[in-house]
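K.L.:
I'll drop the sequence and a predicted model, then ask my questions.
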Amino acid sequence: MKRELANGGDERKYHKSLVFVCIGRKSVKSKNVNCPEYVMHFLREFLLLGPETDFQVDNKTTCLKFKAILVSYLNLLLSIFSGALMKNNENNPRIVVSVKNLSHVFSSRTGEIKALENISIEVQKGEFITLVGPSGCGKSTALLIIGGLLEYQEGEVCLYDMPVRKPNPELVGFVFQETSLFPWKNAIDNVEFPLRIRGSSKEQRKCKAKELLDMMGLGDFPDKYPYELSGGMQQRVAIARGLIQNPQVMLLDEPFASLDEQTRTRLGFELLRIWSQMKKTMIFVTHSLTEAVLLSQRVIVLSARPGRIIDDIAIDIEYPRTYETMISERFAMLRDRIRQLIAETEVSV
Amino acid sequence: MTEHKYRIFAAQCLIVIGILVMWEGAAQYGVVNSRLLPPPTVVYSSLKSLIASGKLWGHLSITLLEVLTSFFISVPLGIITGLLVAKQVYFRRVMGPFIYFLVSIPKSVFLPIFILTLGIGFKQKVAFGIAQAFFIVAINTAEAVGNVPRELILLGKSCGANTWQLYTKIYLPAMIPIVLVGVRLGMIFIITGVVLSEMYASRSGIGWLISSWVALFQMPELFAGIFVASMISIIINEMIRLYEKRVSQWRR
């Protein structure tokens, strides 16, 4: 088995090993140990992670030790023999998120509300997809379920072939609306929050947070509190925070909903820049069709409650997308088509 | 801006001085009976002699001890109850109505019962103080939990925070401003309750001093006592308010 892993340098094996590391690290993290760079290097080699993979252990202060290696090794063996990770998506190794026949029911005081019905989505690595639909169609609910923040009753949701049962902070980064910044923390403390929860060292946190703030063009405002920042700047902070664990998948729940049109478009382009630079998989929820068509490669249209997928539209407009894209004929056509689809489902309610 | 503040302060000083001058004049020139309303100068001199004699400090420290004991018992108790009310559905369904009913009853009507069951000593004062503050702290805490934005909690969970981290790193800082409003109100209620029960039946404390001065018709001492009691509660209240301001700067 080990040899097979060593030989198979293809995409699929690559993904699998990434998951193994995460399992390994989970059990290691709580022990809070330190390890030198060479051990990390060995780990990287041993687990067949490419040089640019998301090991998520910083170069300065690493948190693995020899014991840790053993733990990850055992976990690796365990995962291989249990075969749990091998069963799904054998035919398509590039699938990062797979949702199969997902249904979700909210129970409220007035009875049960069916939020999602029979949703199936497959998202490939590096894809930018958007969920749109009339308000209350459950698109945010779907996102929360993929992120492991909401338990689901029916169907199957997998991240890298692993069933989602709880939040996966190392694989998934969330960006919510601007109210999601901690108002009592300044920009840099907001950005480093996920690392603080994970228990990283102070300098490591500060260093990474600074880097991301710089990348988001907020390098000059690390000490500003959310109320001192404009809505657009607040969302840049929120994006930086979503990125700080270097997750594979970014889940964005109407991140620009409360921004004005211009800021919204500008931040959209910013997001595209990050997406193409960092090769993340993006799942974006919005109610703005312009935004959906402008940003994504695929738009999934949900019906009014209970949310069902009524169409899956490929946006075949070339990247990089610019302001010119927005005035092109193709753009208008696609947007109108989606608008029509949504209007039809609303009428039928 | 600073000039503006300066002018406000000057006007406030003028108001206070004006009142004192009018008071002094009215008492001196016989507009009011100076035995009922002694002029500020007389009150001041009796205040000085009270402080010099040291009689005041003994009683004041007893009152303060009662107040602080009730405070440090009722606040944690109230916060825990508030959290339970907000977070435990069963507890809320069962206890919620009682707490909301009890907060609306003036606790003073229970004072005789407190005295009958607990006597007129330290125990009774503390118990009565707790009864005054507990409900308001509990209700404000429950309210504060409901006001924590859902996104913050979701974000905490998405970062893999455990329950302890959720409470210490998200709930607590988000709730503190509203909880502190309850705590400050609770403190005012405690002082009121303790002083009231001292005036009602007691052998010591600033409240008892004041009521005995009333009984003996010692007006200058009475006014001095009122002044001291007011100053103490203003200082305590302002201290909590300053802290409140510091930790809730972000609330604009």
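P.N.:
Done, it's in. Numbering: from 1, shown residues only, chains lettered A, B, ... in the order given.
K.L.:
what's the offset of the helix or strand containing B:L14 from the middle of its chain?
P.N.:
For B:L14, the element it lies in under DSSP states H and E is helix B:2-28. Centroid separation for helix B:2-28 versus its chain: 26 Å, with C-alpha atoms, centre = their mean, to the nearest Å.
K.L.:
ditto for stretch A:301-314
P.N.:
On C-alpha atoms, centre = their mean, the centre of stretch A:301-314 falls 21 Å from that of its chain.
K.L.:
any idea how chain A splits into domains?
P.N.:
According to automatic domain parsing, chain A comprises the domains A:2-82, A:95-347.
K.L.:
Just give me the lowest mean pLDDT stretch among those domains.
P.N.:
Sorting these by mean pLDDT places domain A:2-82 lowest, at a mean of 47.
K.L.:
any idea which helix is longest in chain B?
P.N.:
helix B:55-87 (DSSP state H).
K.L.:
and after it, which helix or strand comes next?
P.N.:
helix B:89-104.
K.L.:
near chain A, which residues of chain B?
P.N.:
B:149, B:151-152, B:154-161, B:165, B:169-170, B:173-174, B:247, B:249-252 (C-beta under 8 Å from any C-beta of the partner chain). All C-beta atoms are positioned from the backbone trio N, CA, C, and that covers glycine.
K.L.:
Generate a ChimeraX selection restricted to the buried entries among those.
P.N.:
For the buried members of these, the matching ChimeraX selection, counting by 16 or more other C-beta atoms under 10 Å in any protein chain shown, is:
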select /B:149,151,152,154,155,156,157,158,159,160,161,165,169,170,173,174,250
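K.L.:
Which of the residues of chain B next to chain A fall in helices?
P.N.:
Counted as lying in helices by DSSP H, out of these, are B:E151, B:L152, B:L154, B:L155, B:G156, B:K157, B:S158, B:Q165, B:P173, B:A174, B:V247.
K.L.:
what's across from the residue lying closest to A:V123 once chain neighbours are set aside in the sheet?
P.N.:
Distances taken as C-beta to C-beta, 6 or more residues apart in numbering or on different chains put A:V97 closest to A:V123, at 4.1 Å, once the chain neighbours are dropped. Taking DSSP bridges as the rule, A:V97 bridges to A:V123, A:L159.
K.L.:
Tell me which residues touch A:V97, please.
P.N.:
A:I121, A:E122, A:V123, A:I146, A:V157, A:C158, A:L159, A:V249, A:T281, A:I283 (C-beta atoms under 8 Å, 6 or more residues apart in numbering or on different chains).
K.L.:
hmm, back to that, right, and the helix or strand after the helix holding B:L14?
P.N.:
helix B:40-53.
K.L.:
Backbone dihedrals for A:P167, please?
P.N.:
phi -60, psi 140 (degrees, to the nearest 10).
K.L.:
For it, the count of nearby residues, please.
P.N.:
By other C-beta atoms under 10 Å in any protein chain shown, the residues close to A:P167 number 20.
K.L.:
for chain B, what are the nearby residues on chain A?
P.N.:
For chain A, the residues in contact with chain B (C-beta under 8 Å from any C-beta) are A:144, A:147-149, A:167-169, A:172-174, A:176-177, A:179-180, A:182-184, A:193-194, A:196-198, A:225-227, A:245.
K.L.:
Which residue lies closest in space to the residue nearest the centre of chain B, excluding its sequence neighbours?
P.N.:
Ranked by distance to the mean C-alpha position of chain B (C-alpha atoms, centre = their mean), the top residue is B:I188 at 1.6 Å. Take B:I188 and drop its neighbours on the chain: the residue closest to it by C-beta to C-beta, 6+ apart is B:N237, 6.2 Å away.
K.L.:
Show me what the mean pLDDT comes to for the one helix or strand the one you found maps to.
P.N.:
Element membership of B:N237 [criterion: DSSP H and E] is helix B:219-247. Per-residue pLDDT over helix B:219-247 has a mean of 91.
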